[in-house]
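Peer 1: this one's structure only:
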DNA sequence: TTCGCCAATTAATCATGATTAATTCCATCT
DNA sequence: AGATGGAATTAATCATGATTAATTGGCGAA
């Protein structure tokens, strides 16, 4: 290793900003001291002596940590900066920026859904508590008529995704649940981007409803295998529907 | 130490900070004007007149956007704030905070891996370019001897994950690739947390190597099905190994 | 031409107070 | 008791300059 750090050759990374260094330092201190969510950050760390940074720079560092969901600050007596656990919600907000300019295709999303959700749903069989079932029942879109306006169609598609997200949130495997909920979110975003065109298939809503009711029944009965299969078939159906819809839109 | 269950009232969401409102406003402006990565943010937006915020507050807002990976600022003539696309790397950094306090179990991660990676690898069969193969060959850990020290074992486990991440990065389905790479990252973090204990199974390294060589051969031959199966079996093997290792550690 | 130095440009940081807003806690008041 | 009205506390924001650092582009020297 030579002492040659000529910036012309290897200067992709601009020198780290002080505020970033500060944020990293504080993060390290948190993990070093094993602070848990709810714990307060010693104001000594924030006393800008720590790394000779001025008030404003420290403020930026705190803002960065707050944006990362690591801390939250409260005013008032006993206030200050507190460690928090990044919420799934917030994590998805951050993650969604990844696909802001490079949206995945519907097919890509469904590839993942078909691989993950059947297993997820199967794992729920026989494990639903009363409140789970109640929540699912409440989420089932019990409209008695076919949707009429395009807005109607859109609303029900969203409701359908909400139902799946609710299911996913019950998963024991939180990682699995998180990924699935995020996939649903991607689909919602994709749907919003093209909130138009009425339903090409009048019976679709009926089939959705049918699926939800049957699935809950199977889960309560503890029939894991049937629930898995039903979910897979349903996803296949929905994917076909969405792709056809996308095609329609492209050609129309 | 009491467990904190205070927020029964669902936290009356403190009023949004001005800096956050500013950041949101700018994000909206970006999407409204359809700015693409590389585009420069009109300094008019940043002129603190826009929402009568002072310099410091605006600075915080910019820091938030930068942390979210939406912008980057450059000094010098022609400098300023520029729209950027959040990189996968950065996205994983942000996402990893989600599991900082609530780490998933090895079994949970492998549940996802076994569902996703066989399919991913199968999709690569017959699609590898020359440079892909070269990269894979280079990544194959061609050590001729079994690892000796614990550090050795750790290094090779990391190398194995790197190999899988490299594979995943070649996937057509970027979403699938991203999730898999993130799973590997989780495992690396888990491994770092317990970088100890020498290899309980001397032949493990050999089997890993064997897998990598055979897999590349199958992929080049375009045998999707065999590659899929091989990957699944391999994952099963590695999972068993890691779980046994975790058990050892718990009992030791 | 090619290299290195200088000037111009623009963000980053420093410095320093002052003012405003949110929140808690306690002491009255009803 | 329960409501209410302050203090007291602490973050958030405002204001204002000044100084430092990174970067670009051009100009003259090798």
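Peer 2: Received the coordinates, thanks. Owing to the predicted nature of the structure, the values given are computational and were not obtained by experimental measurement.
Peer 1: list the buried residues of stretch A:27-42.
Peer 2: In terms of neighbour count (16 or more other CB atoms under 10 Å in any protein chain shown), stretch A:27-42 has its buried residues at A:27, A:30, A:35, A:37, A:41. For the C-beta atoms, the positions are set from N, CA and C on the backbone; glycine is no exception.
Peer 1: hmm, the last one is touching residue A:82, no?
Peer 2: Read it as residue A:41. Yes - counting by CB atoms under 8 Å, residue A:82 is a contact partner of residue A:41 at 6.9 Å.
Peer 1: does any part of the helix or strand harbouring residue A:164 sit near chain B?
Peer 2: Taking DSSP states H and E as the definition, residue A:164 sits inside helix A:150-169. No - using CB under 8 Å from any CB of the partner chain, helix A:150-169 stays clear of chain B, coming no nearer than 12.8 Å.
Peer 1: residue ranges of the strands in chain A, please?
Peer 2: Ranges of strands in chain A, per DSSP state E, are A:71-74, A:80-83.
Peer 1: could you dump these into CSV with mean pLDDT added?
Peer 2: Converted to CSV, these look like this (pLDDT from 0 to 100):
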stretch, mean pLDDT
strand A:71-74, 96
strand A:80-83, 97
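Peer 1: can I get these in JSON lines with distance to DNA strand D and mean neighbour count?
Peer 2: Formatted as JSON lines, the strands of chain A follow (distance: least, CB to the nearest atom of the strand, whole Å; neighbours: other CB atoms under 10 Å in any protein chain shown):
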{"stretch": "strand A:71-74", "distance to DNA strand D": "4", "mean neighbour count": "17"}
{"stretch": "strand A:80-83", "distance to DNA strand D": "4", "mean neighbour count": "18"}
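Peer 1: now those strands as CSV including distance to residue A:213?
Peer 2: Output for the strands of chain A, formatted as CSV (distance: least, CB to CB, whole Å):
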stretch, distance to residue A:213
strand A:71-74, 41
strand A:80-83, 44
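Peer 1: turn these into TSV, including distance to DNA strand C.
Peer 2: As requested, these are exported to TSV (distance: least, CB to the nearest atom of the strand, whole Å):
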stretch	distance to DNA strand C
strand A:71-74	6
strand A:80-83	11
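Peer 1: and those strands: which comes nearest residue B:130?
Peer 2: strand A:71-74 (47.6 Å; CB to CB).
Peer 1: contacts for that closest one?
Peer 2: When contacts are defined by CB atoms under 8 Å, 6 or more residues apart in numbering or on different chains, strand A:71-74 is touched by residues A:41, A:62, A:65-66, A:79-84, B:14.
Peer 1: also stretch A:26-43?
Peer 2: Counting by CB under 8 Å, 6+ apart, A:45, A:61, A:65, A:70-71, A:80-85, B:4, B:100-101 sit against stretch A:26-43.
Peer 1: apply 6 Å and report the result again.
Peer 2: Stretch A:26-43 is touched from outside by A:45, A:80-85, B:4, B:101, with contacts defined as CB atoms under 6 Å, 6 or more residues apart in numbering or on different chains.
Peer 1: mean confidence score for it?
Peer 2: Mean pLDDT, stretch A:26-43: 95.
Peer 1: ok, back up a step: can you give me how far the helix holding residue A:164 is from the chain middle?
Peer 2: 15 Å (CA atoms, centre = their mean, to the nearest Å).
Peer 1: kind regards, and thank you for your time.
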